[in-house]
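J.: Quick one, what's the 3D model for this:
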Amino acid sequence: MFRLSALVLSVLLLPIGCKEEQPTIRELDVDQFATGCYTVRSGDQWLAPTRAGDGYALSADASLAARFRMQPADLGTYLFYDAERHYLVSDDGPLLRQQTLESDITRIEDRYISGAEWILETSSTTPNRYQLKNHRNDRWLKADGLTGRAADALQVRFEPAEGCAVYPELSIDATGAVEMTRFEDGDLYGIADIHSHIFTDQSFGGGLYHGGAFHRLGVEHALGDCAAFHGEMGRKDFFGYVFDSTGTGPDDDDLIALVTDLLEGELSEDNHRTDGYPTFSDWPARRLSTHQTQYYRWIERAWMAGLRLVVQHATSNAVICNLSAGEGLQPSFYDCEDMTATDRIFEATFGMERYIDALHGGPGKGWFRIVTTPAQAREVIADGKMAVVLGIETSDLFDCHITPRPGAPTCDETYVLQQLDAYYELGVRVLFPVHKYDNRFSAGDGQKGFIELGNFFNSGHWTNMTQACPAPPGMPTGFDDGPVTFGGILEEREDYLAPPPNDFSEFSEEPIITMLGQVGAILEPGLEGEWCQASGLTDLGEMLMEEMMARGMLIELDHFPQRSYIRAYEMLEDNDYPAIGSHGREWGGRLYALGGVKNIFLGRCRDPNQPGAMTRVVRAEAEKITAEGGFPAPPLGFDFNGFATSPRPRFGERGCGDGQEDPVTYPFDSFAGDVTFTQPFVGERMIDFNTEGMVHIGLLPEYLQDARADAASDADLEPIFRSAEAYIRMWEKAEDRAAGRR
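T.: Okay, the predicted model is just below:
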């Protein structure tokens, strides 16, 4: 018997009359043109402005060719920005030449796609040529407009040119390149910021918080004027006004005045100037909490200073959103549910990873890398890039409201496991089981002020607090202690999961009317003394923790109330499992003994009698960790965009007072010595770190330099530059313990 070769067999099996298939056209590199200057050529013609100047057409005169800056909007997708600062646009067919673009932000229209975005493809008919597909209408560029057939698309190539306009963008105010990735002993070099909220603009329905970390059309759309959202002079920015004024909530007189303003639809006094790029008259600023502080260029500047690991928490708050959107005070793009915001935030995070990749020439080439394992994090940081870990910090985790919404899924063990698996598959590795408000997993952490009031309307339950608090000596109580702000809505209940006594199902549609129905109780005085939540972890909450430990996920502890906090430690210690205190709690070393981490802040004031005061906390915390057998490298955790107070200035009205010397001056070098930093700007406005403080994450270099100049030596500051290593070691232990449980 003869064995037929594969080639002979294939020939014999071909039907008579069949022809060989045409060879597949090799896909061309669609990302290589990022930020370059090119003309668009097809045969012996070039794309050029029309005589009227309001469109584009092909011309045989090369001298008339438009010189385009090919600005990435996404991987393989470009904006064509000509030398006279116009865009190649097609909204419904004709080729337009427009100086300004509309976007989802300018139109306040969810999912709006600009006609200026062009997807670059390998030509479907001609090897070594490209074709352009309009992202808005899924049609291809042809000689006189668009076509619905790829076979009729114009075959083009891009020829290098000179004289292109510079695309609008913020400056980085730094020179050099990241070089140091490890210490001599092999540990990773880099700072961990273990509590961050990069995309709060996607929270609260997408309209309360202004400014994106990036936008496909650039900085003009990411950080433009906020008047459409916050009103003229910021008079519709109610939440920002209240939070920035008090930090928690108004007193009785202010509350009555605020309700009056709410009924009028705007504040009775100016709040802030709204202009953004390029002037930025009032924001970003420490005192304006509803504006973006983590634009990607600012994060990039922090990365150049040594930031190498960031935990990106999705967060939102349904009550705050419903109060603004339900009253029509601010526009919203989608519903106010926490998990809707969570999904949008992760979508935006992956979108920014692609965007930064596109700016740097293709997939994987950017410095912003989402990671799902500690091994990936090690690899990314060793490659000189930033590892980004996805987390969730929201009240109604997995839509598990303590009072189920109409039509909501049943939050039982089966459902929670499905949700946990789905978000794990997405890449989430860090969770707060509870945040601020009560949910099905645990009572909230009892924070006072409008959070206390918000929990009331989110649940329909009276404030469930008691003075029979379990806090053992030395246990940090976090937010769950102290007086009750609204004494009139306090009523302890025996069954935490009992049906609510109040029906606030109409709150999302008529928040003010619903609140006015409770105004008598709300205006009753508060109660002094030490109060805490009467309830703790539920059975479902304990199951969630067990399942997180089984998957090697990282558990955040610092929004647990006292009873939940105590039980969580019992479970963690029974399993020798590490956890995180990213709001600063470590319970007398118990967290460190488990291999966990907590965040610290550098001191902000010099002490002329005690040099090194600004780095004292680093040394002290490293000693605590060492005493518990841990890796002595405390991380930072700024909570930027999380309505937290960022580091203040040392000088000026909000500074440290007398006795402060040696302000930050320029230029200065990074701790690693590989990057030089110059005076920072936001558009046309110069930022003075010395008198303004850390108004955005991009001032991390100044924050570090200020403390470094006060330190006895660099050794005082070195532990925080090992904090990425510390975080990854904790994560590795969590995965090891999970493997042991399996």
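J.: which stretches of the protein aren't confidently modelled?
T.: Residues of the chain meeting the criterion pLDDT under 70: 1-25, 246-256.
J.: In it, where's the longest helix?
T.: helix 338-359 (DSSP state H).
J.: Would you indicate which residues of the helix or strand just after that helix are buried?
T.: Counting by DSSP states H and E, the element after helix 338-359 in chain order, helix or strand, is strand 368-370. For strand 368-370, the neighbour count (16 or more other C-beta atoms under 10 Å) marks Phe368, Arg369, Ile370 as buried. No exception for glycine: its C-beta is placed from N, CA and C like everyone else's.
J.: Nearest residue to the first one in space, ignoring adjacent ones along the chain?
T.: When the adjacent residues along the chain are set aside, Phe368 lies closest to Ile356, with 4.6 Å between them (C-beta to C-beta, 6 or more residues apart in numbering).
J.: now the second one
T.: Spatial nearest neighbour of Arg369, chain neighbours left out: Val380 (4.5 Å); criterion: C-beta to C-beta, 6+ apart.
J.: just the last one next, same as before
T.: With sequence-adjacent residues excluded and distances taken as C-beta to C-beta, 6+ apart, Ile370 is closest to Val388, at 4.8 Å.
J.: sec struct for that neighbour, please.
T.: State at Val388, reduced to three classes by DSSP: H, G, I helix; E, B strand; the rest coil: strand.
J.: what about it, neighbour count?
T.: 23 (other C-beta atoms under 10 Å).
J.: export the longest helix of the chain as CSV, just CAs?
T.: Listed next in CSV are the C-alpha coordinates belonging to helix 338-359 (Å, rounded to 0.1, in the frame of the first residue of the first chain):
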residue,chain,number,x,y,z
ASP,A,338,-23.7,51.7,41.3
MET,A,339,-22.9,48.8,39.1
THR,A,340,-23.9,50.7,36.0
ALA,A,341,-21.2,53.2,36.9
THR,A,342,-18.8,50.3,37.7
ASP,A,343,-19.2,48.8,34.3
ARG,A,344,-18.7,52.2,32.6
ILE,A,345,-15.6,52.9,34.7
PHE,A,346,-14.0,49.6,33.7
GLU,A,347,-14.9,50.1,30.1
ALA,A,348,-13.2,53.5,30.2
THR,A,349,-10.1,52.1,32.0
PHE,A,350,-9.6,49.5,29.2
GLY,A,351,-10.3,52.3,26.7
MET,A,352,-7.5,54.5,28.2
GLU,A,353,-5.1,51.5,28.1
ARG,A,354,-5.8,51.2,24.4
TYR,A,355,-5.6,55.0,23.9
ILE,A,356,-2.1,55.2,25.6
ASP,A,357,-1.0,52.2,23.6
ALA,A,358,-2.1,53.9,20.4
LEU,A,359,-0.2,57.1,21.3
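J.: From here on, call the first residue 56.
T.: Right, with 56 as the first residue, what we last looked at is helix 393-414.
J.: helices or strands up against that helix?
T.: Counting by 3 or more C-beta pairs under 8 Å, 6 or more residues apart in numbering; DSSP states H and E, the packing neighbours recorded for helix 393-414 are strand 123-129, helix 351-359, strand 362-369, strand 423-425, strand 441-447.
J.: contacting residues around the last one?
T.: When you say that, I think you mean strand 441-447. The contact list for strand 441-447 (C-beta atoms under 8 Å, 6 or more residues apart in numbering) reads 354, 358, 362-370, 397, 401, 404, 408, 422-426, 431-432, 435-436, 478, 481-487, 609, 611, 779.
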